[in-house]
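S.K.: give me a model of this one.
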Amino acid sequence: MRVVVTGATGNVGTALLRLLRGPDWHVTGLARRVPPPRGAYAAAEWVACDLSSAAPPDEVLRDADAVVHLAWAINPSSADPPMEATNVGGTRRVLDAVVRAGVPRLVCGSSIAAYRPAPRWQRVSETWPVDGVRGSAYSRGKAELERTLDAFAEHYPQVRVTRLRPCGILQRDAAGQIGRWLLSPLIPAEMLSMPRFPLPLWRELRLQLVHADDVAEAIRLALLTEFDGPVNLAAEPVLRPDDLAQLFGATHVPAPRQVLSGVTRALWRIGVHPLHPGWLELADQAPLVDTTRARETLGWQPAHDTREVLTAFAGGLRGRAGTASEALAPRARGVWQRLAATPPGRPSHQSQD
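M.R.: Numbers count the residues shown, from 1 in each chain. Down below sits the predicted model:
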């Protein structure tokens, strides 16, 4: 099977390349920054393409059996292309290219973030409205993606479209990327090895996670079956603040979300912290999802539970894990290296308002 993957150097893209090795697969990766041919990136062919300003070349998609669209600016730095240019414009360019090239299969990475909030402990199915969370640009972007895919499926029924709606996706190799999103450059990785370090979280937080390898397996199954439509992806169990603290070896310090949001916004504005408070809003308001369809229709079963996922990710943060791609590069070791990449005084990452 000949597959073209956008965002192939990212968290899920890297896991997918690891999985689709072997003579049965021919993978072409599209990326803004082409990685060196090492590790997972060695088996793919590569095409440099910045979807924020350019469409995938028609000749790359011609004769492809499927396109897997994973490119998405999740928490871009201030120096990166604007989120809307990559996410909205880039997706439209990919969809137009799929039609021009006559590609019969599209697998698109959406998110549970597209769903509207639900009662805190209710599990929602794929029929729950995809109106998004008002206070999160990431969520609103995924909701717009769903509307775009609705219109695409209606106008081009000859293209079979699968929408993956995973919860938070982690793996050890993504620790560098996500660490740059979550941790202030002033915080060394060694702090995470301190016994019982304080971890401020609100009591009502509940978190679903899934391993990047398990999301990649769902993509593989979608490519090999007739399945189309949306499908939720999440592992068990749901984690609470005390669970997170235990798995990180930390001490849970209860703190109201409004207080954490106010402090986070102040630190984000001056560039001391990369995390925008919109992410806290999303973590609080995103619903829990039911994965019956994935298991019964797609035949998907996660190989990693949420405790394994978080433990591996925490180990990656402490060990500065990463890959050869710029997207998943290890977090810089020295504080001055980290500060040089994100000079304080202005936001280091784009707003999620």
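S.K.: how much space between the closest residue in space to residue 41 that isn't next to it in sequence and residue 11?
M.R.: Among residues not flanking residue 41 along the chain, residue 35 sits closest, at 4.4 Å (Cβ to Cβ, 6 or more residues apart in numbering). Placement of C-beta: from N, CA and C, glycine included. Residue 35 is 14 Å from residue 11, where distance means Cβ to Cβ, to the nearest Å.
S.K.: dump the residue contacts of the residue minimising distance to the centre of the chain.
M.R.: Nearest to the geometric centre of the chain sits residue 169, at 5.8 Å (Cα atoms, centre = their mean). Residues near residue 169 by Cβ atoms under 8 Å, 6 or more residues apart in numbering: 11-12, 209-212, 215.
S.K.: export those as CSV, with columns for pLDDT and neighbour count.
M.R.: Listed next are the contacts of residue 169 as CSV, based on pLDDT from 0 to 100; neighbours: other Cβ atoms under 10 Å:
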residue, pLDDT, neighbour count
11, 98, 23
12, 98, 26
209, 98, 25
210, 98, 27
211, 98, 26
212, 98, 26
215, 98, 25
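S.K.: what's the farthest-apart pair in these?
M.R.: Maximum pairwise distance in the contacts of residue 169, criterion Cβ to Cβ, is 13.4 Å, between 12 and 209.
S.K.: and residue 320, how close does it get to residue 332?
M.R.: Distance, residue 320 to residue 332, using Cβ to Cβ: 9 Å.
S.K.: could you do residue 104 as well?
M.R.: 43 Å.
S.K.: ok, residue 122 next?
M.R.: From residue 122 to residue 332 the distance is 41 Å (Cβ to Cβ).
S.K.: what do you get for residue 239?
M.R.: Between residue 239 and residue 332 the distance is 28 Å, computed by Cβ to Cβ.
S.K.: cool, and residue 244?
M.R.: For residue 244, the distance to residue 332 equals 25 Å [Cβ to Cβ].
S.K.: next: residue 293.
M.R.: Distance, residue 293 to residue 332, by Cβ to Cβ: 41 Å.
S.K.: wasn't residue 264 part of a helix?
M.R.: Yes: assigned with DSSP: H, G, I helix; E, B strand; the rest coil, residue 264 falls within a helix.
S.K.: can you count the residues close to residue 156?
M.R.: Residues lying near residue 156 (other Cβ atoms under 10 Å) number 13.
S.K.: do I have it right that it meets residue 96?
M.R.: No: judged on Cβ atoms under 8 Å, residue 156 makes no contact with residue 96 at a distance of 10.3 Å.
S.K.: looking at residue 320 and residue 332, which is more packed in?
M.R.: A direct count of neighbours by other Cβ under 10 Å for residue 320 and residue 332 places residue 332 higher, at 18 against 15.
S.K.: what sits closest to that one if chain neighbours are left out?
M.R.: Nearest non-adjacent residue to residue 332, counting by Cβ to Cβ, 6+ apart: residue 338, 4.8 Å away.
S.K.: show the pLDDT at the one you found.
M.R.: Listed pLDDT for residue 338 reads 73.
S.K.: residues near it, how many?
M.R.: 20.
S.K.: residues touching it, list them.
M.R.: 185-186, 331-332.
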